[in-house]
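Engineer: Sharing a model prediction with you, sequence too.
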Amino acid sequence: MEELLRGNREFREQFAADREKFLRLAEEGQSPKVFWIGCSDSRVIPEQIVSAGAGDLFVMRNIANVVPPFGTSGDAVGAAIEYAVLHLHVEQIIICGHTECGGIQALEAHLDTAREPHIARWVEWARPARAQVEASGVPEEERYLETIKANVLLQRKNLATYPCVREAVEAGRLTLRAWLYDLHTGGLVVYDDETQEWTEAV
Ligand SMILES: [Zn+2]
């Protein structure tokens with residue numbers, strides 16, 4: 001705990017150095033152009049990955065960067081989507097998965113549904129990605145990474161089931177992107193909709 005409070009003392013020095021920007025954000029409100037949907041994993045920090053700061057990204061993180069289809073799950077995810085699209089008018093939504101994702105790995109585990117019912121139910125939203133990869137005949141050793149990638153694309157597809165998202169995309173006001181963060185390199189791998197391939201960002 002002491003470490004966190006010491007961290008805040010250090011942060012307040014940064015705050016003081018950039019006081020004008022922080023006060024403008026406080027007084028004028030936020031207007032981020034990007035909505036980032038990522039995993040809760042402590043190693044995958046959106047702002048750190050893209051060198052962004054306060055006011056740059058509207059962020060929602062949950063286990064395995066999941067977006068349950070419209071009308072199927074609790075309100076937390078839908079509320080963030082509606083706020084980002086209808087109120088903040090973001091121009092891009094990035095779904096960013098990552099290598100070594102424990103949420104995807106959990107699909108292989110036998111979860112105790114009595115002891116951890118929420119995890120057991122939640123990861124099922126990624127199950128179709130696992131099934132798709134399995135059916136595609138990808139070699140065993142590549143399945144984990146391929147499932148992580150397929151899950152990002154699956155959740156992006158789910159995102160388009162939200163009427164506000166669909167309308168904004170059709171009107172050309174919003175782009176949906178699928179990204180993957182590589183824990184081993186710090187780099188991003190980006191899905192190209194034209195070639196339908198994942199390519200390393202330069
Ligand atoms: Zn994860």
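Structural biologist: Cool, got the structure.
Engineer: switch to C-alpha atoms for all contacts and neighbour counts from now on
Structural biologist: Fine.
Engineer: Three-state assignment for W179, please.
Structural biologist: For W179, the assignment made with DSSP: H, G, I helix; E, B strand; the rest coil gives strand.
Engineer: so it touches A150, yeah?
Structural biologist: No. W179 sits out of contact with A150 when judged by Cα atoms under 8 Å, with a separation of 10.9 Å.
Engineer: where does this structure come near the ion, residue by residue?
Structural biologist: Within reach of the ion by Cα under 5 Å from the ion, the chain has these residues: C39, A64, C101.
Engineer: how many neighbours does the nearest residue to the last one once chain neighbours are set aside have?
Structural biologist: Okay, so that is C101. Sequence neighbours aside, A64 is the residue nearest to C101 in space, at 6.7 Å (criterion: Cα to Cα, 6 or more residues apart in numbering). Here the number of neighbours of A64 (other Cα atoms under 10 Å) works out to 28.
Engineer: likewise M1?
Structural biologist: Residues lying near M1 (other Cα under 10 Å) number 6.
Engineer: Tell me how far it lies from the ion.
Structural biologist: 25 Å (Cα to the ion, to the nearest Å).
Engineer: before we move on, back to that, can you tell me which of the residues of the chain next to the ion are in strands?
Structural biologist: C39 (DSSP state E).
Engineer: Out of the residues of the chain next to the ion, the closest to the ion would be?
Structural biologist: Taking Cα to the ion as the measure, the ion lies nearest C101 of those, at 3.6 Å.
Engineer: got the end-to-end distance for stretch 167-174?
Structural biologist: Terminal residues of stretch 167-174 are spaced 9 Å apart (Cα to Cα, to the nearest Å).
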